[in-house]
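Novice: give me a 3D structure for the following:
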Amino acid sequence: MKALQLRELRPDELTEKLEDLHKKLFSLRAQAVTEKLENTNAVKNVRRDIARVKTLMRESELKGR
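Specialist: Have a look, this model is predicted:
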């Protein structure tokens, strides 16, 4: 997901998105362990999306001060 798309979301939506991404990461890791993961880059992409969401949450927190 692109940062521009994430910037359009409200803070509560960002929190919800972060929870969904953590669940997805857990699922992908479980698939990797059981060797059912087809796209090995998916784990890396989800981790980057999590970092993007956390960065935007931190930016909005700093702007609010």
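Novice: check whether E16 sits in a helix, strand or coil.
Specialist: Here E16 is recorded as helix under DSSP: H, G, I helix; E, B strand; the rest coil.
Novice: pLDDT at it, what is it?
Specialist: For E16, the pLDDT comes out at 96.
Novice: try E19
Specialist: Looking at E19, the pLDDT reads 98.
Novice: do the same with R65
Specialist: 65.
Novice: which non-adjacent residue is nearest A32?
Specialist: V43 (6.5 Å; C-beta to C-beta, 6 or more residues apart in numbering). C-beta here means a position set from N, CA and C on the backbone, and glycine is covered the same way.
Novice: nearest the middle, which residue of this structure would you pick?
Specialist: I50 (2.7 Å; C-alpha atoms, centre = their mean).
Novice: now that residue: closest residue in space, sequence neighbours ignored.
Specialist: Using C-beta to C-beta, 6+ apart, the nearest residue to I50 is L21, at 4.9 Å.
Novice: same check on M57?
Specialist: L14 (5.5 Å).
Novice: for that neighbour, give its distance to V33.
Specialist: 29 Å (C-beta to C-beta, to the nearest Å).
Novice: neighbour count for the two, which is higher?
Specialist: Higher neighbour count among L14 and V33: L14, with 18 against 9, using other C-beta atoms under 10 Å.
Novice: what's in contact with the worst-scoring helix or strand of the chain on mean pLDDT?
Specialist: Taking mean pLDDT, DSSP states H and E as the measure, helix 3-7 is the helix or strand of the chain with the lowest mean score, a mean of 90. If you take C-beta atoms under 8 Å, 6 or more residues apart in numbering as the criterion, helix 3-7 is touched by 14, 17, 52-53, 56.
Novice: in this protein, mark out all the helices, start to finish.
Specialist: Assigned by DSSP state H, the chain shows helices spanning 3-7, 11-33, 41-64.
Novice: which stretch in these has the least confidence?
Specialist: Per-segment mean pLDDT for those reaches its minimum on helix 3-7, at a mean of 90.
Novice: could you list the buried residues of that helix?
Specialist: Using 16 or more other C-beta atoms under 10 Å as the burial criterion, the residues of helix 3-7 that qualify are L6.
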